[in-house]
Each structure stands twice: as C-alpha cells, then as structure tokens.
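Undergrad: How does the following fold in three dimensions:
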Amino acid sequence: MSEIPAMAQDDAGAIGPGRLVLVVGPSGAGKDTLLRLAQAACVDDHDIVFPRRIVTRESSADEDNVALGFDQFRGACEHGDFAVHWDAHGHSYALPLAINEDIRAGRTVVANVSRTVIGALRQTYADVVVVAITAPPDVLAARLAARARQSDGNIAERLTRSVDDRSAQADVTILNAGSAEYHARQLVRVIRNEGWHDQPVQQGGRNVGD
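TA: Take a look at the predicted model:
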C-alpha cells in the first residue's frame, strides 16, 4: 500500500487565520457518520465549511465525495486544483484548493484526511486541530464487515495499519462506541472551538467530554 502526500504550494507562509479541523481514524470508526451529523448541526453557520473530498471512487451512502477517474484526477493534480492529495488502498484522494480561500477568510474547514498528510498540513496551515475518531477493534471489524464495500480491500490490513509520525498525533480523541448523536455533539464542540481545550483528551488517557 502506498500513501504519498502532495501539497499545493503557497508562497505566503502558513495559511490562516481560519482553522483546519482534520478528522482521522481507522476504517469502520464511523468518521463519515459523525461528520454528516456535525455538518447538519452546523448547516446555518456559514463560517464552517465541510468540503467534499475528491476520490477516484464512486460516491456512496456512506461517503459523499466528488468522483473522478484516475486520468481526470492526474490532470487535476498537474493543473494545481488540489490543496492536498494522497494515495491509499488503491485510490487517490484530495481536498479542493478552495479551502485555502476559506481559511484566509477566517472560516473553519472540516475535512476527513489520511494521517499521512497531517505533518505536511500542520506546516502549511497556521491553525490545525486533529480529531481522531476510533472504536474498539471488535466494533471496527464488525462495521467493516457489515459495510462490505469491495474497495475496502483487506479488512485485516486496514485494521492493523499505523503511521509512525509524531506530527500525526491527535489533539482530541473521540471513542465512537456509543450513540452517534452523542459523539457528533463532541465533534461539533471541537469544530466550534467551544471550550474543548478544558475537557479530558486522549493525551491524558481519556476522551473528550460532552
């Protein structure tokens, strides 16, 4: 499996003053479900943006992405249409370049990314918060098996993969093993920057509170 991050170049230094909230976590953790609920909760706040990822895979009920063929994706890369792009599990992923303008305008951009690009994103953007969404191994395995998406590939491999990069360490961890609505509220608190710094986080051996 190859995961190679690539960044759009910006000559103005770290991009700000808006925030970039990166959601990461293993397959089956429920990232898309929590993001969908969080987006619905923030729908009236025009200073919070949930960009659609560009993926060389068709959209599904679980993931509302912009689907591109491999040749189209490669052409968009060469044209500089992406803020960041990476490869994983035989597919290519990207975030649109438009997120840079949102962040320069002071908005909060929320995106689901691979841990492999976090280090580069922390260097490129001035205010980055990483939210790890996870679940117990048996829950992850059950969710992946129930999803039965062919593009998921080898389930055992997806459950055991890791990234050895200190810059990829999460600022907040949400253990998504209970009510999706409850955990979505936790995510919204981080997105809205509503006092989550004062709540228990994974660095202290616990998860963010409600």
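
Undergrad: in the protein, which helix or strand is least confident?
TA: Lowest on mean pLDDT, DSSP states H and E among the helices and strands of the chain sits helix 155-160, with a mean of 52.

Undergrad: after that one, next one along is what?
TA: Using DSSP states H and E, the helix or strand that follows helix 155-160 in sequence is strand 172-175.

Undergrad: State the mean pLDDT of that following strand.
TA: The pLDDT scores in strand 172-175 average 92.

Undergrad: before we move on, what about stretch 32-47?
TA: The average pLDDT within stretch 32-47 is 95.

Undergrad: Likewise for stretch 109-127?
TA: The pLDDT scores in stretch 109-127 average 95.

Undergrad: Could you tell me the end-to-end distance of that stretch?
TA: Length of stretch 109-127, first residue to last, Cα to Cα, to the nearest Å: 11 Å.

Undergrad: Next one: the residue nearest the centre of the chain from Gly13, what distance?
TA: Centroid-nearest residue in the chain, with Cα atoms, centre = their mean: Asn112, separated by 1.7 Å. The spacing between Asn112 and Gly13, counted by Cβ to Cβ, to the nearest Å, is 26 Å. C-betas here are computed from N, CA, C, even on glycine.

Undergrad: re the thing from before, the residue lying closest to the residue nearest to the centre of the chain once chain neighbours are set aside bridge partners, please.
TA: Leaving aside its sequence neighbours, Asn112 sits nearest to Val23 (Cβ to Cβ, 6 or more residues apart in numbering; 4.8 Å). For Val23, the beta-bridge partners under DSSP bridges are Asn112, Val131.

Undergrad: Any idea how many residues pack against Val23?
TA: Counted with other Cβ atoms under 10 Å, the neighbours of Val23 add up to 24.

Undergrad: List the residues that contact it.
TA: The contact partners of Val23, by Cβ atoms under 8 Å, 6 or more residues apart in numbering, come to 31, 34-35, 110-113, 131, 133, 187.

Undergrad: From Gly30, how far off is Thr173?
TA: Separation of Thr173 from Gly30 (Cβ to Cβ) stands at 13 Å.

Undergrad: Quickly list what's touching both of these two.
TA: Shared contacts of Thr173 and Gly30, defined by Cβ under 8 Å, 6+ apart, are found at Ile133.

Undergrad: ok, the residue nearest to Asn112 to Ser114 distance?
TA: 11 Å.

Undergrad: repeat for Arg185
TA: In this view, Arg185 and Ser114 are 25 Å apart by Cβ to Cβ.

Undergrad: And Arg52, by the same measure?
TA: For Arg52 relative to Ser114 (Cβ to Cβ), the value is 16 Å.

Undergrad: okay, these two: which has more neighbours?
TA: It is Ser114, of Arg52 and Ser114, that has more neighbours when counted by other Cβ under 10 Å, with 18 against 13.
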